[in-house]
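Engineer: Requesting a structural model of the entry that follows:
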Amino acid sequence: MLIIALLPFIAIIFFLIIQKWPAIKAMPASLAVTLITAYIWGMKTQTIITATIKGACITIEIMFLIFGAILLLEILKKAGAMNTLTNTIQKITKDHRIMIIIIAVTFVALIEGAAGFGTPAALAAPILTHLGVTGTTAVSTSLTGDTIPTTYGALGTPIIYGIGTSYPALITEVSKTTAKIMFFLGAILPLLTTTVLIKTHKGKLKNIIEIIPFALAVGIITMISYYLVAQLSVQLPAIISGITGITTAIILTKTRLAPKTTWQIKKIPKPTKTKISVTKALIPYIILSTLLIITGIETIRAWLKKGAITTKIHTFYLFAHPFILFLITSIIAISIYKLNKKQTKETLKTTIKRAKTPFIALLSVLILVQILQYSHLNVQNNEGILQTIAHTIKLPGTLYLLISPFIGIFGSFVAGSNTVSNLLFSTIQHQTAINAGINPIITLSLQTIGGAVGNMIAIHNIIAAAAVIGLFHKETKILKINLIPVLLLGTLAGIIGLIIHLMT
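Structural biologist: Below is the predicted model:
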């Protein structure tokens, strides 16, 4: 059964990586293979239809997020606010390595902590491209920087619901152990992200060496706050560490830890004069960040969810969706920047044109994912396709800890969600640990860490982030760039988990 279970993934690898087809071709082809696999697996036609509808519903939700992010971006560009933001960042630093740390690592952590749902990369990637970073690198670094905070993203959702649904009594201990392991991963994340930037822009080894003191200082200070907050709260580590990181990075630009030489991408845009003040340019980001944090508060979020449209297959949380916040912010921005009817119409036209492009690829990916998640419902009494693969990936005894993170990575690669990965595989991780004589707290922690890391190679996350900046047919390139950070962080997490086990 393992060979059959692997067919959808073999198809993805063949079409997307070997054949190098763009996602708009590769994913429908992979979906066709998945449909054949589903019938072989014993899934009923009705179940497949249900999974298809579920996938379509999730696609609509993500398309709305993409639309909202593009709309706000186009308004900022039309008003000249993006030029002001670019100029302001260049006044803080002209070094692209430091820019990446501030935007793709620390700013992303703040937004992830408040919202999740793809919002961080949708906000960070456009800023980076406006600063001269290539589109593929902007998406790649934004997704790479969004790994460590994801476990505590959306106010702790992956642990509280992803782990807590099956093991509510273990939430606190899993959170503490996760933060302990994440400390080491997060300490090197700024350096890892800048390395991706430098290597993809044909920089030299000395450019990496120069940034090491600054990157490690930001990483360590940020992760100290991350670790300490995680001992007290599951909801706040990402937000607090994001604020700490932004502040630390800006302060350290004026110290000896900053590189002595400035490294820039050759085609860095020159500062453009604009009538929009810094304060005015930042207002939409301040409003959006504030709204994301406020609506993330449990009592407020619960109230907003009362306006949901519920069906047997899916629930649309209209007022709890980030799109609403993007829309509110966009309307306020149009008013603040005094865009006329013609400018507003042009902005909407551009937004619609760009937002609709990734629809087919996203729809195919998400239907494929839902079929895999529904595959445990079959007439042959097989376990789910994903669970079959996970059960097969085993090493004897404590060595299992080395691959435990990769099960989480596999889950989020497929589902594009740390929370869903945890829901899918936390039971397997827990039971395997018990059978091997390992503390299940460690394997559950490695599961949610892997789930966070794997998000950077989730195909629909890549498609969505790329769509916001108008980048299409580059999914394979971004996936290949992010594979190395995934393997590095996954391996490091497993080794640290093994060390913790041996020391206890």
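Engineer: OK, contacts around the spatially closest residue to Ile293 that is not a sequence neighbour?
Structural biologist: In space, and not counting its chain neighbours, Ile293 is closest to Ala114: 4.5 Å by CB to CB, 6 or more residues apart in numbering. Bear in mind the C-beta positions are built from the backbone N, C-alpha and C, glycine included. Applying CB atoms under 8 Å, 6 or more residues apart in numbering to Ala114 gives the contacts 154-155, 239, 289, 292-293, 296.
Engineer: try 6 Å
Structural biologist: With contact taken as CB atoms under 6 Å, 6 or more residues apart in numbering, Ala114 is in contact with 239, 292-293, 296.
Engineer: again with Ala258
Structural biologist: Phe214.
Engineer: Greatest separation within the contacts of Ala114: which pair is it?
Structural biologist: Farthest apart among the contacts of Ala114 by CB to CB are Ile239 and Leu292. That separation is 9.7 Å.
Engineer: okay, the contacts of Ala114 in a markdown table with pLDDT next?
Structural biologist: Below are those laid out as a markdown table (pLDDT from 0 to 100):
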| residue | pLDDT |
| --- | --- |
| Ile239 | 93 |
| Leu292 | 85 |
| Ile293 | 84 |
| Gly296 | 79 |
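Engineer: which one of those is nearest His501?
Structural biologist: For the contacts of Ala114, the nearest to His501 is Ile239 (30.2 Å; CB to CB).
Engineer: what helix or strand does the closest one sit in?
Structural biologist: Per DSSP states H and E, Ile239 falls inside helix 237-252.
Engineer: Check which helices and strands the longest helix along the chain sits against.
Structural biologist: Determined from DSSP state H, the single longest helix within the chain is helix 45-79. Judged by 3 or more CB pairs under 6 Å, 6 or more residues apart in numbering; DSSP states H and E, helix 45-79 is in contact with helix 322-337, helix 341-355, helix 359-374, helix 459-468.
Engineer: if you set the cut-off to 8 Å instead, what comes out?
Structural biologist: Judged by 3 or more CB pairs under 8 Å, 6 or more residues apart in numbering; DSSP states H and E, helix 45-79 is in contact with helix 23-41, helix 81-92, helix 119-130, helix 278-296, helix 322-337, helix 341-355, helix 359-374, helix 459-468.
Engineer: okay, the angle between that helix and helix 459-468?
Structural biologist: 30 degrees (axes from the mean of the first three to the mean of the last three CA atoms, to 10 degrees).
Engineer: can you offset everything so residue one is 648?
Structural biologist: Sure, I'll start numbering at 648, so the last one becomes helix 692-726.
Engineer: next one: helix 692-726 to chain centre, how far?
Structural biologist: Distance, stretch centre to chain centre, for helix 692-726: 16 Å (CA atoms, centre = their mean, to the nearest Å).
Engineer: Show me what counts as buried in that helix.
Structural biologist: By neighbour count on 16 or more other CB atoms under 10 Å, the buried set for helix 692-726 is 694-695, 697-706, 708-723, 725-726.
Engineer: Ok, stretch 802-815 next?
Structural biologist: Here stretch 802-815 shows 802-811, 814 as buried, counting by 16+ other CB under 10 Å.
Engineer: now do stretch 660-669
Structural biologist: 662-663, 668-669.
Engineer: quick one: which of the residues you listed is nearest Lys1003?
Structural biologist: Pro669 (15.8 Å).
Engineer: pretty sure that closest one contacts Phe1119?
Structural biologist: Yes: judged on CB atoms under 8 Å, Pro669 makes contact with Phe1119 at a distance of 7.0 Å.
Engineer: residue contacts, Thr891?
Structural biologist: 868-869, 872-873.
Engineer: how far away is it from Pro805?
Structural biologist: In this view, Thr891 and Pro805 are 21 Å apart by CB to CB, to the nearest Å.
Engineer: Equivalent analysis for Tyr1047, please.
Structural biologist: 21 Å.
Engineer: and if you look at Ile960?
Structural biologist: Ile960 sits 23 Å away from Pro805, taking CB to CB as the criterion.
Engineer: What of Thr840?
Structural biologist: Taking CB to CB as the measure, Thr840 and Pro805 are separated by 21 Å.
Engineer: and if you look at Pro815?
Structural biologist: For Pro815, the distance to Pro805 (CB to CB) stands at 14 Å.
Engineer: can you check Ile1014 too?
Structural biologist: Following CB to CB, the distance that separates Ile1014 from Pro805 is 23 Å.
Engineer: show me the contacts for the closest residue to Ile683 other than its chain neighbours.
Structural biologist: Ranked by CB to CB, 6+ apart and with sequence neighbours excluded, the top spatial neighbour of Ile683 is Leu654, at 7.6 Å. By CB under 8 Å, 6+ apart, the contact set of Leu654 is 680-681, 683-684.
Engineer: Buried ones among the residues you listed?
Structural biologist: Using 16+ other CB under 10 Å as the burial test, these include 680-681, 684 as buried.
Engineer: a markdown table for those, including distance to Leu1070 and pLDDT?
Structural biologist: Shown next, in a markdown table, are the buried ones among the contacts of Leu654 (distance: CB to CB, whole Å; pLDDT from 0 to 100):
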| residue | distance to Leu1070 | pLDDT |
| --- | --- | --- |
| Val680 | 25 | 98 |
| Thr681 | 20 | 97 |
| Thr684 | 22 | 98 |
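Engineer: just those now: which is nearest Ile979?
Structural biologist: Thr681 (42.6 Å).
Engineer: do you know how far the closest one is from Ile700?
Structural biologist: 16 Å.
Engineer: ditto for Ile713
Structural biologist: Counting by CB to CB, the gap from Ile713 to Ile700 is 20 Å.
Engineer: one step back: may I see the contacts of Thr891 organised as a markdown table, with distance to Gly850 added?
Structural biologist: Listed next are the contacts of Thr891 as a markdown table, based on distance: CB to CB, whole Å:
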| residue | distance to Gly850 |
| --- | --- |
| Ile868 | 25 |
| Thr869 | 23 |
| Ser872 | 30 |
| Tyr873 | 28 |
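Engineer: Just give me the closest of these to Gly1097.
Structural biologist: The closest of the contacts of Thr891 to Gly1097 turns out to be Tyr873 (CB to CB; 17.7 Å).
Engineer: Helix or strand: which one has that closest one?
Structural biologist: Counting by DSSP H and E, Tyr873 is found in helix 852-877.
Engineer: do Thr946 as well
Structural biologist: Thr946 is part of helix 945-951, with elements assigned from DSSP H and E.
Engineer: Can you tell me the SS state at Asn1025?
Structural biologist: Under the three-state scheme (DSSP: H, G, I helix; E, B strand; the rest coil), Asn1025 adopts coil.
Engineer: try Thr921
Structural biologist: Assigned by three-state DSSP, the conformation of Thr921 is coil.
Engineer: tell me the contacts of it?
Structural biologist: 727-728, 730-731, 734.
Engineer: so which of these is the most crowded?
Structural biologist: Tallying neighbours with other CB atoms under 10 Å puts Ala728 at the head of the contacts of Thr921, with 26 neighbours.
Engineer: Which residue is the nearest non-sequential neighbour of that one?
Structural biologist: With CB to CB, 6+ apart as the criterion, Ala728 has its nearest non-adjacent residue at 4.0 Å, and that residue is Ala928.
Engineer: neighbours around that neighbour, how many?
Structural biologist: Neighbourhood size, Ala928 [other CB under 10 Å]: 24.
Engineer: how near is it to Ile657?
Structural biologist: For Ala928, the distance to Ile657 - CB to CB - is 48 Å.
Engineer: Flag every buried residue along the helix holding Tyr873.
Structural biologist: Quick answer for helix 852-877 (16+ other CB under 10 Å): 854-855, 857-862, 864-874, 876-877.
Engineer: Tell me which other helices or strands it touches.
Structural biologist: Where contact means 3+ CB pairs under 8 Å, 6+ apart, helix 852-877 is packed against helix 743-747, helix 818-847, helix 884-899.
Engineer: and of those, who's closest to Thr781?
Structural biologist: Among these, the nearest to Thr781 by CB to CB is helix 818-847 (7.0 Å).
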